[in-house]
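**Student:** Dropping a prediction and its sequence here:
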Amino acid sequence: MKAPPLVLSEAQRALVAAVIAEVCVFRNWMLYECNVRTNHVHVVVDGNAGPDKMMRDFKAYATRRLRELRELEQDRPVWTEGGSTKYLWTDKSLAAAIEYVRNQ
């Protein structure tokens, strides 16, 4: 890593969550659950794009907004490259993912 890990403040976490919701509305994606932690984000979402595009969009829009509002330095890295994605093929797996993101 080129910079120490970023720890999101409560305000930054709320901002990132709001941006993720905005992206979902803009892209017409269904946001089931979102939990922005101090050092990572969990999102359960469905839409007409693959998980890698969704993750890239969430990261790009959140980073842009954080910088526009001067919540972090312009050249400060925010996210790691890539991330974990899972396909949820059944109602049971969707419910389990929502429960995990919401309560665990």
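**Tutor:** Done, it's in. Numbering: from 1, shown residues only.
**Student:** wouldn't Val41 be in contact with Leu15 here?
**Tutor:** No - using CB atoms under 8 Å, Val41 is not in contact with Leu15; the gap is 11.8 Å. Backbone N, C-alpha and C define where each C-beta goes, glycine included.
**Student:** Check the secondary structure at Val43 for me.
**Tutor:** strand (DSSP: H, G, I helix; E, B strand; the rest coil).
**Student:** how much space is there between it and Asp75?
**Tutor:** Going from Val43 to Asp75 by CB to CB, to the nearest Å gives 26 Å.
**Student:** These two: which is more packed in?
**Tutor:** Neighbour tally, Val43 and Asp75, criterion other CB atoms under 10 Å: the higher count belongs to Val43, 24 against 8.
**Student:** leaving aside the residues next to it on the chain, what's closest to that one?
**Tutor:** Cys34 (5.0 Å; CB to CB, 6 or more residues apart in numbering).
**Student:** who's in contact with the one you found?
**Tutor:** Ala17, Ile20, Ala21, Val41, His42, Val43, Val44, Val45, Val101 (CB atoms under 8 Å, 6 or more residues apart in numbering).
**Student:** quick one: which of the residues you listed is nearest Ser84?
**Tutor:** Proximity of these to Ser84 (CB to CB) peaks at His42, which lies at 9.3 Å.
**Student:** May I have the beta-bridge partners of that closest one?
**Tutor:** Asn35 (DSSP bridges).
**Student:** Next, the contact list for it, please.
**Tutor:** Counting by CB under 8 Å, 6+ apart, His42 has contacts Glu33, Cys34, Asn35, Tyr100, Val101.
**Student:** who's in contact with the last one?
**Tutor:** Yep, that's Val101 we're talking about. Applying CB under 8 Å, 6+ apart, the residues contacting Val101 are Glu33, Cys34, Asn35, His42, Val43, Val44.
**Student:** If anything else comes up later, I'll come back, but that's it for now.
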